[in-house]
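Chemist: sequence first, predicted model second:
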Amino acid sequence: MTNLEKYNQAFIDTFAISNDQLENLAYQSIEAWDSVGHMSLIAALEEAFDIMFETDDIIDFSSYQHGKEIIKKYDVEL
Amino acid sequence: MNACDFEELLKIPPYSLNQQDKQEIFNARINYLNEFHKNNCPEYKSIMQNISPELDFIPVRLFKEFDLKSVPDNEIIKTMTSSGTTGQKVSRIFLNRDTALNQQKVMTKIVSDFTGNEKSSRMPMIILDCPSVLKKRELLTARGAGILGFSIFGTKKIYAFDDDMNLNFDEIKKFVDEFAGQKILLFGFTFMIWQYFYKALKNSNSHLDLSNAILIHGGGWKKLANEAVSSEDFKNALNDVCGLKNVHDYYGMVEQTGSIFMQCEHGNLHASIFSDIKILRAQDFSECSFNERGIIQVLSLLPTSYPGHSLLTEDEGEILGVDDCKCGRLGKYFKVHGRLKGAELRGCSDTYERR
C-alpha cells in the first residue's frame, strides 16, 4: 500500500465512508467526524504511520486536505 | 491588542502574566464579550437589563432554565450537558466550531503546563472511567466532555473500568508494565476514582505501581465530603494503594469548559490568563478580601456561542493570594470549600422570570 492509500484508508475505516467522499471531507462535515471520531482518526493515522502527533497538530487537523500538509511534518511523503 | 484577537492570547504562556498586566487584556476581552452577547442573545440582554447595573454576571443556574445561545442554530455543532442525576434539571451548553476549538486549545495549554512543558506532552493514558460514557455522541455529558478533552494527551489509551464499573485490574497491570519507565497519565472524576479505583485496589491484595504517573481529576467533592474524605486524605489514600505522588485536582464546570483552574504542587487552584475568579459576599455581592469566604464568580474568555463568560457559581471559596504562590505561577490562587447551602441565589433567576 502506498502512503496515500494508507492515509485514505485511515479515513475510510474510521468513518465508514467511501473513497469518493474523501476530497472535501472536513471536521464536522459528516456525522462520524465529530470530536469522538476525531480522536479515533488520529489514533488510526498514528498507528498506520507509526508517528506521534503534537497536540497542536491534533487540534489543527481540520480536513482531509489540510491533514496532508500536517502529516508531511512527520516525514510522511504522500 | 485587539480584544477579539484570541489567537494572540494563545501565544502567551498561561501563567506568565501578573494580575496587573493580565487585567488589562482580560477586561478588554470581557467587555467585548459583554457587548457581543447582549447583541446576539436576546435572553441574555434581557437578564442583564433586569439585574442591578453593577452586577456583571449571571447565575450559572440559568443554563438549566433557558437555552442561552449567541449564534444561529445551524452553527451549533455540539450540545454539552451537566451530569445531573435522573429527574434533575441539567445545564445545556451550545457550542459552535470556534468555541469548541478554543476550549480544546486552551485546555491543552493549561494542562501542558502541569504535565511537562515539551511541545508535545502526550503520554500513555489510563482513563479512570468506563467506555460507555462516550456512547451518546451528539449530547455530551460533562463527564464525556472531560474525558474527550483530556484524550488529546493520550497516546495509547485504556479504560480502567468495564461498563459495570468493575476495575480491569489485569489489563491495567499489563498496560503499566508495558510502559514501565514512562510517565503515564491518569484522568478521571474524583468520586469515580475514589469509589471504583481506590476502593477496588484497597480491597484487592494485588499491587499496582503508579509512582511514575500523573493523575488529573475533577468533578467536585460533594459526594466525598459525605464520606468525610478531604483532598489530603484522597492523595494519601491513593499514594498508599498505588504509590501515586503527582496528583492534581482541577476546578471547572461544563459552562466554562476549557478554561479550567488547575491545582498546583502546593495544593492551590490557579487562574490562568484565560480565566479569572472573584469571591463575593452574599449580602451585597461586594468583593471579599483575601482569605475571606464567599460565593465564587468565574470568568472565562472563551465562550462566544453562549453567554457563559461571567457566572455566579453555587460554590463557596476564598482567594489565598495573587502572583506569589510558591509554585511560581502568576495570577490569583484560591481554594474551593464546596457547595453553598444557599437559597439566596434563587432570587437572581426569579428576577428574570418576573421581567
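Modeler: All right, it came through fine.

Chemist: give me the contacts around stretch B:93-106.
Modeler: Contact with stretch B:93-106 is made by A:27-28, A:35, A:59, B:6, B:10, B:14, B:63, B:67-69, B:71, B:75-81, B:149, B:152, B:254-255, B:257-259, B:272, B:274, B:302-306, B:308, as judged by CB atoms under 8 Å, 6 or more residues apart in numbering or on different chains. For the C-beta atoms, the positions are set from N, CA and C on the backbone; glycine is no exception.

Chemist: which ones are touching residue B:338?
Modeler: B:220-222, B:225, B:315-316.

Chemist: now the helices: where do they sit in the chain?
Modeler: By default, I'm working from chain A. A:3-15, A:35-49, A:55-60, A:64-72 (DSSP state H).

Chemist: I was thinking of chain B, sorry if that wasn't clear
Modeler: B:6-9, B:19-40, B:42-50, B:62-65, B:97-115, B:142-151, B:169-178, B:190-192, B:199-203, B:222-226, B:231-242, B:346-353.

Chemist: other SSEs contacting the shortest one?
Modeler: Going back to what we said before, that points to helix B:190-192. helix B:222-226 (3 or more CB pairs under 8 Å, 6 or more residues apart in numbering or on different chains; DSSP states H and E).

Chemist: buried stuff in the helix it packs on?
Modeler: For helix B:222-226, the buried set under the neighbour-count rule, 16 or more other CB atoms under 10 Å in any protein chain shown, comprises residue B:224.

Chemist: average model confidence for it?
Modeler: Averaged over helix B:222-226, pLDDT sits at 80.

Chemist: just the C-alpha atoms of that helix, please, in PDB.
Modeler: Extracted as PDB, the C-alpha positions of helix B:222-226 are listed here (Å, rounded to 0.1, in the frame of the first residue of the first chain):
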ATOM      1  CA  LYS B 222     -19.700  16.800  47.200                       C
ATOM      2  CA  LYS B 223     -20.100  13.100  47.300                       C
ATOM      3  CA  LEU B 224     -16.700  12.600  49.000                       C
ATOM      4  CA  ALA B 225     -17.400  15.200  51.600                       C
ATOM      5  CA  ASN B 226     -20.300  12.900  52.700                       C
END
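
Chemist: show me what it is packed up against.
Modeler: On a contact count with 3+ CB pairs under 8 Å, 6+ apart, helix B:222-226 meets helix B:190-192, strand B:332-339.

Chemist: now render those as JSON lines, adding mean pLDDT.
Modeler: Formatted as JSON lines, those follow (pLDDT from 0 to 100):
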{"stretch": "helix B:190-192", "mean pLDDT": "93"}
{"stretch": "strand B:332-339", "mean pLDDT": "94"}
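
Chemist: chain B contacts on chain A?
Modeler: Residues of chain A lying close to chain B (CB under 8 Å from any CB of the partner chain) are A:27-28, A:34-36, A:39, A:43, A:46, A:52-56, A:58-59.

Chemist: any idea which of those residues is closest to chain B?
Modeler: Chain B lies nearest to residue A:54 out of the residues of chain A next to chain B, by CB to the nearest CB, at 4.0 Å.

Chemist: gap between the closest one and residue A:46?
Modeler: 11 Å (CB to CB, to the nearest Å).

Chemist: nothing else from me, thank you.
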